[in-house]
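Engineer: Could you work out the structure for the sequence below:
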Amino acid sequence: MGPRPSVIIVGAGVGGTSSAARLSQAGFDVTVVEKNDFAGGRCSLFTDPSGEHRFDMGPSLYLIPRLFEETFSDLGTSLDAEGIKLVKCEPNYRIVFPDKEVVEMSSDLTKMKKEVEKWEGEKGFEGFLGFLKEGHAHYELSMVHVLHRNFTSLLSLLRPSLIVNLSKLHPFVSVYTRATKYFKTERMRRAFTFAAMYLGMSPFDALGAYNLLQYTEHCEGILYPLGGFGTVPKALQKIAERNGAKFRFNSTVKRVVVQDGAAKGVELEGGEILSADIVLVNADLVWSMAHLYQETAYSKRLEEKPVSCSSISFYWAMNRCVPTKIPELGSHTIFLADEYRESFDSIFRDHKIPHEPSFYVNVPSRHDPSAAPADKDTVIVLVPVGHISSALPTSSDWEKVVEETRNKVVGEIEGRLGLSNFRDLIAHETVNTPITWGEKFNLHRGSILGLSHDFFNVLSFRPKTRHPTVKNAYFVGASAHPGTGVPIVLAGARMATTQIIDDLGKKTPSEWNVSSSELATHRTGRDAMGGVGLLMALAALILAIAVYLRQ
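Structural biologist: Got it, this is the predicted structure:
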């Protein structure tokens with residue numbers, strides 16, 4: 001046996017830790033280099049100065065459990081065996097409208113029948129079931145044709161199985177447009193489309209296929225890992241370390257070392273060179289192409305691509321429990337703006353802070369007592385705002401912007417829920433803004449969910465798991481295929497590591513059960529394809545669009 005192939009992974013986010021676990025399992029010599037002093041990236045935990053209140057930095061909704069289970073099963077273990085205990089959030093969440101009416105979303109169909117018919121009438125439940133049926137079709141088709149298939153070039157769009165099923169994914173209409181087919185009231189249309197924000201997108205722009213999110217919410221439920229979402233990347237780190245992987249924290253990468261057109265390792269800020277056969281970058285892809293690799297025309301084009309939103313996020317340690325007599329403020333609560341579309345347009349088209357924001361309130365201490373002392377609450381508020389652009393305030397104005405946003409949020413919570421002293425309960429506050437998101441995690445434009453997910457930023461149009469011109473260089477994370485969100489990035493880690501192993505002529509571990517059809521999608525030619533092939537791919541795409549529009 002020869003020496004083990006070596007790989008350096010830049011970044012210990014969800015993509016980096018899961019890739020480290022997979023590649024170390026496959027026999028690679030793995031070193032993970034992380035600029036911060038913790039694993040998980042945006043999917044990490046922190047506490048207030050007292051150490052009593054625990055906060056999820058980013059994700060708090062555990063969705064698409066199949067992809068989590070697949071990851072741990074591939075690694076020869078399970079969530080339970082790694083100490084991750086899941087609790088179900090019931091109801092899923094409550095939506096509070098400006099008129100103080102509340103819609104309660106649940107994975108209990110009996111409850112949903114009553115809730116939907118309250119607003120839609122006696123035939124409303126039939127529409128709801130039709131919406132879920134469509135979401136289920138999108139979910140299963142995406143599992144097969146997107147989340148377990150790589151797209152290495154435009155030629156990948158020519159797969160017969162994809163072309164046949166493309167129209168069934170409704171890629172040329174929005175989530176909101178699909179909802180209008182099943183719901184007649186504006187209230188229900190809003191209730192079943194705001195989840196496009198999970199992708200950092202407007203429901204008026206997100207592809208119709210993404211109503212799979214409502215399917216997984218209502219049919220699989222919303223779960224939460226006790227101890228915080230950060231327990232997932234921590235568990236993956238431990239698995240990787242058991243397999244021999246090494247983690248170097250507080251180590252900032254200056255550049256990827258490229259010689260003769262191939263990645264040879266990385267240089268740290270202090271000048272230290274770490275050599276490796278493979279470099280897998282889990283840092284923000286757009287930022288990495290501009291800062292870790294030599295600038296190219298392609299990297300400049302990437303910087304001009306549309307990206308998802310950012311947020312002003314408040315992390316509040318409350319000095320006592322928010323009154324439990326207010327049931328509307330449970331584990332997860334959504335406050336929707338009255339000017340629904342205008343609010344989204346302000347964020348995604350004008351890249352501003354909406355004057356009337358929609359926002360999400362998470363109280364993890366309601367479903368996980370370890371998040372706060374027994375007589376107190378931990379509260380997280382996420383306010384979607386535009387990514388960094390000329391339309392946003394300069395850094396010197398952010399203190400004022402945060403204050404104004406806080407006042408709006410507290411005012412809406414108190415006004416809609418009938419509270420008078422909510423502001424007085426805030427004992428300590430931590431805040432993230434587009435600026436701090438960008439600084440902490442090297443996020444391009446402070447975008448918290450990477451590149452956008454419109455049609456020309458997914459599938460073959462999304463940056464690939466393999467570098468377009470540098471050999472032995474790969475990517476995993478929110479801006480690489482297949483996209484953003486913790487479960488989707490886990491699927492991306494499976495793709496990226498499978499591609500690395502296959503490119504080296506090795507076999508993936510038997511536990512992964514990589515099918516021949518899945519493996520074949522990693523073997524399409526590199527992105528530099530001939531003109532004839534490009535024309536064929538574009539012709540097939542135009543034909544698919546024409547067939548869809550005709551239907």
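
Engineer: Residue 187 is in contact with residue 101, correct?
Structural biologist: Yes. Between residue 101 and residue 187 a contact is recorded at 7.5 Å, counting by CB atoms under 8 Å. Placement of C-beta: from N, CA and C, glycine included.

Engineer: Neighbour count: these two, which is higher?
Structural biologist: residue 187 (17 against 12; other CB atoms under 10 Å).

Engineer: so where's the stretch 101-250 of the chain uncertain?
Structural biologist: Along the stretch 101-250 of the chain, no part satisfies pLDDT under 70.

Engineer: so where do the helices sit in it?
Structural biologist: 109-120, 124-145, 160-166, 175-182, 186-191, 212-220, 231-242 (DSSP state H, counting those that start in this stretch).

Engineer: Using a markdown table, lay out those helices together with distance to residue 323.
Structural biologist: A markdown table is the format used below for the helices of the stretch 101-250 of the chain (distance: least, CB to CB, whole Å):
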| stretch | distance to residue 323 |
| --- | --- |
| helix 109-120 | 24 |
| helix 124-145 | 32 |
| helix 160-166 | 50 |
| helix 175-182 | 34 |
| helix 186-191 | 25 |
| helix 212-220 | 27 |
| helix 231-242 | 29 |
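
Engineer: Which of those helices sits closest to residue 273?
Structural biologist: helix 231-242 (22.7 Å; CB to CB).

Engineer: ok now the closest one, how far from the chain's centre?
Structural biologist: 19 Å (CA atoms, centre = their mean, to the nearest Å).

Engineer: Show me what that helix packs onto, helices and strands only.
Structural biologist: For helix 231-242, the elements it packs on are helix 14-25, helix 65-74, strand 246-248, judged by 3 or more CB pairs under 8 Å, 6 or more residues apart in numbering; DSSP states H and E.

Engineer: So what angle separates the directions of the longest one and helix 231-242?
Structural biologist: Just to be clear, that refers to helix 14-25. 30 degrees (axes from the mean of the first three to the mean of the last three CA atoms, to 10 degrees).

Engineer: give the contact list for residue 49.
Structural biologist: Applying CB atoms under 8 Å, 6 or more residues apart in numbering to residue 49 gives the contacts residue 428.

Engineer: can you confirm it is in a helix?
Structural biologist: No. Judged by DSSP: H, G, I helix; E, B strand; the rest coil, residue 49 forms no part of a helix; its state is coil.

Engineer: before we move on, the earlier item: how about the helices and strands packed on helix 231-242 in TSV, adding distance to residue 401 and mean neighbour count?
Structural biologist: As requested, the helices and strands packed on helix 231-242 are arranged in TSV below (distance: least, CB to CB, whole Å; neighbours: other CB atoms under 10 Å):
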stretch	distance to residue 401	mean neighbour count
helix 14-25	29	30
helix 65-74	36	19
strand 246-248	36	15
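
Engineer: Same list, these, but as JSON lines with distance to residue 42 please.
Structural biologist: Listed next are the helices and strands packed on helix 231-242 as JSON lines, based on distance: least, CB to CB, whole Å:
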{"stretch": "helix 14-25", "distance to residue 42": "8"}
{"stretch": "helix 65-74", "distance to residue 42": "17"}
{"stretch": "strand 246-248", "distance to residue 42": "18"}
